[in-house]
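Chemist: Build me a structure from this.
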Amino acid sequence: AMLGSFSDTITVEGITLCSRGGTDVLLMHLDTLGVVRRIISFGNENDDIPSTMFNRNDTLYICGQTATDSLNELFIYSFDVLFRQLSDLVFPFDGKIQTDILRVGSDKLLIGGSMKGAIMIGSQFVVNNYNEHAFFIELSPEGELMSSWLTSGNGLHRLHSLVAEDNSDYVLMLNVGKGTLEMPNSSLLSFNGNGVVAVRYDSVWNMKSRCVFDCTGFVEA
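Modeler: I've put the predicted structure just below:
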């Protein structure tokens, strides 16, 4: 499966798609030779930006954001192998969010990335008042908040990669700008410039190990 976005009108393999306004989500199924087998699009009159997808037991999960002037929404949709929609979860948020990570297990959904502001999940808020810090949110399959993980400090923290279920642990990679970084169950780190932090947590977010790299110039790991 290939995930992307488009605006206006596009034609792919003789199939013409029109956006509903702004940017829409494009989802294609390709065979091993690159031939398009299925193609769909979805969105509304606003900008719909897909960010990541995950496949579990022939169910494809799509995560992304819808942007409007007055309300932003985080969405997680699921589709079967014929691209028929199975479920949809939508959460309003205020501020800025970037989701780079989506993992789906038998009993939970895990999304992660960087954010500034607040996400409303049911009647609960996940709040980050800092300057674009890293986050994880664990949800039940029905979209109920199970737990949240947020960094703190006074620098930029961006979470881009995750190895999950490595001996039931989570292995994370964060990019850090000049400033300080504090992760749950961890001591404070200070950076004079840019840095990369790799960290291992167990399944209930107890830290097991950590390594830190100081860098000069721009780095994104």
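Chemist: Give me the below-cutoff pLDDT ranges for this structure.
Modeler: 165-166 (pLDDT under 70).
Chemist: remind me, longest strand of it?
Modeler: Longest strand in the chain, counting residues (DSSP state E): strand 85-104.
Chemist: Next, the buried residues of the following helix or strand past that strand.
Modeler: Next in sequence after strand 85-104, counting helices and strands by DSSP states H and E, comes strand 109-121. For strand 109-121, a neighbour-count test (16 or more other C-beta atoms under 10 Å) marks Leu109, Leu110, Ile111, Gly112, Gly113, Ser114, Met115, Lys116, Gly117, Ile119, Met120, Ile121 as buried. Quick note: C-beta positions are derived from backbone N, CA and C, even for glycine.
Chemist: Okay, and the beta partners of the first one?
Modeler: By that I understand Leu109. Leu109 forms beta bridges with Val104, Leu139, as assigned by DSSP bridges.
Chemist: now swap in the last one and tell me
Modeler: Beta-bridge pairing of Ile121 under DSSP bridges involves Gln124.
Chemist: Find the centremost residue of the protein, please.
Modeler: What sits nearest the mean C-alpha location of the chain, by C-alpha atoms, centre = their mean, is Thr99, with 2.3 Å.
Chemist: In space, what's closest to it - neighbours in sequence excluded?
Modeler: Nearest residue to Thr99 in three dimensions, chain neighbours excluded: Gly113, at 4.2 Å (C-beta to C-beta, 6 or more residues apart in numbering).
Chemist: and the one you found, what does it touch?
Modeler: Ser51, Ile97, Gln98, Thr99, Asp100, Ile101, Ala134, Phe135, Arg158, Leu159 (C-beta atoms under 8 Å, 6 or more residues apart in numbering).
Chemist: Kindly reformat those as TSV containing distance to Phe191.
Modeler: Formatted as TSV, the contacts of Gly113 follow (distance: C-beta to C-beta, whole Å):
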residue	distance to Phe191
Ser51	26
Ile97	23
Gln98	20
Thr99	24
Asp100	21
Ile101	22
Ala134	14
Phe135	19
Arg158	13
Leu159	16
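Chemist: Would you point out the most distant pair within the residues you listed?
Modeler: Ser51 and Ala134 (14.8 Å; C-beta to C-beta).
Chemist: Those two: who's more crowded?
Modeler: Ala134 (27 against 20; other C-beta atoms under 10 Å).
Chemist: got the contact list for that one?
Modeler: Ala134 neighbours (C-beta under 8 Å, 6+ apart): Gly112, Gly113, Ser114, Leu150, Thr151, His157, Arg158, Leu159, Leu174, Met183.
Chemist: swap the cut-off to 7 Å and go again
Modeler: Ser114, Thr151, His157, Arg158, Leu159, Leu174 (C-beta atoms under 7 Å, 6 or more residues apart in numbering).
Chemist: what's the closest of those to Phe218?
Modeler: Nearest to Phe218 among these, with distances taken as C-beta to C-beta, is Arg158, at 11.9 Å.
Chemist: Buried residues of the helix or strand encompassing that closest one, list them for me.
Modeler: Per DSSP H and E: Arg158 is located in strand 157-166. For strand 157-166, the neighbour count (16+ other C-beta under 10 Å) marks His157, Arg158, Leu159, His160, Leu162 as buried.
Chemist: Any idea what the first one is bridged to?
Modeler: Right, the one you point to is His157. Val176.
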